[in-house]
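Q: Based on what follows, work out the 3D shape:
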Amino acid sequence: MIDPEESDESWDAELRGKERLFVLRYCTDSEVFLNATAAYRKVYTKTDEKTGKPIKLAKEVCEAASSRLMKRDRIKIACARLLRQTQADVDERSQYQLLHDLLLCATYNPADIITADGELKVKDLKSLGELAKCVTHIKQTKWGLDVSLADRGRYMTQLLQYLDIVRPEIPVEEKLRVISMVSKAGSVEEWNDMAEKIG
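A: Numbering: from 1, shown residues only. Below is the predicted model:
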C-alpha cells in the first residue's frame, strides 16, 4: 500500500465513479463526518424505475456496502490524504468557533433571553439564534419554566485569561526551615546550653 504521506498525488487520483463523492462526504460533510454508513446512504442512492423517486436503502445494506468500500486500499489512501489536507482548516474554524462562543457566553445580556420574571422571551430556543448557547438548563416546574443561563463571570474569567489580561493566582507556600532537631530540655538553662552548642 502507498504511504499517503509520501505521495504528491491529488487525494482523489485513484478513485473511480462515485468513490470520490463517497470519500468527500465521509471526510468533509458535517452531517456524516467519519460515518461510512451515512456517507454511503447519501451517495449511493437508487431510484424507483416507475416513479423516479429515490429509494431509501436499508441500514444493513448500507453498513455492508460501506464496510466493503472502506476496506479498499485506494479509499483508505484517499481518506488519509483528504483528511490531512482539510484538517488544518477544520482546526482553525473550530478554534474560531470556540473563541466566538466563549465571547458570547461572557458578554451576553440576560434581558435578551429572559423577562424580569425569569420566563423565556421567545416560544422556542431556535428563535434565540446564537443566544440559545447561553441557556444551560430549562426545566418545567409547577410554577412554570425554570431557565438557567450560563455563568457569565466564569466565562469572563476564561476570556480574560485567554487574552492574557488576568493571570491565575499561583499559591505561594512558605516553608519553615528546620535547623536542627534537639532532644527535649527540662529547664531554661538546658535550652541555653543546647543553643550555645548549636550556634
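Q: next helix or strand past the longest helix anywhere in the chain?
A: For the chain, the helix with the greatest residue count under DSSP state H is helix 73-107. Next in sequence after helix 73-107, counting helices and strands by DSSP states H and E, comes strand 135-141.
Q: For that following strand, which strands pair with it and how are they oriented?
A: In the sheet, strand 135-141 lines up against strand 144-149 (antiparallel) (DSSP bridges).
Q: Same question for the strand it pairs with: list its buried residues.
A: Neighbour counts using 16 or more other CB atoms under 10 Å place 147, 149 of strand 144-149 among the buried residues. Glycine gets a C-beta too; all of them are placed from N, C-alpha and C.
Q: Check stretch 147-160 too.
A: Neighbour counts over stretch 147-160 (16+ other CB under 10 Å) mark 147, 149, 150, 152, 155, 156, 159 as buried.
Q: How far does it sit from its chain's centre?
A: Distance of stretch 147-160 from the chain centroid (CA atoms, centre = their mean, to the nearest Å) equals 18 Å.
Q: on that earlier part again, wait, which of the buried residues of stretch 147-160 is closest to residue 21?
A: Taking CB to CB as the measure, residue 150 is the one of these closest to residue 21, at 39.8 Å.
Q: what separates that closest one from residue 83, distance-wise?
A: To residue 83, residue 150 is 33 Å away according to CB to CB, to the nearest Å.
Q: which other residues reach stretch 118-127?
A: 112, 113, 114, 115, 128, 132, 135, 138, 144, 145, 146, 147 (CB atoms under 8 Å, 6 or more residues apart in numbering).
Q: Check the separation of the first and last residues in it.
A: 17 Å (CA to CA, to the nearest Å).
Q: in the helix or strand of the chain with the lowest mean pLDDT, what's buried?
A: Using mean pLDDT, DSSP states H and E, helix 188-198 stands out as the lowest-scoring helix or strand of the chain, at a mean of 73. Buried positions in helix 188-198, judged by neighbour count with 16+ other CB under 10 Å: none.
Q: now that helix: how far from the chain's centre is it?
A: Relative to the chain's own centre, helix 188-198 is displaced by 65 Å; criterion: CA atoms, centre = their mean.
Q: can you check stretch 75-91 too?
A: Centroid separation between stretch 75-91 and its chain, computed with CA atoms, centre = their mean, is 19 Å.
Q: now do stretch 71-78
A: Centroid displacement of stretch 71-78 relative to its chain, using CA atoms, centre = their mean, is 28 Å.
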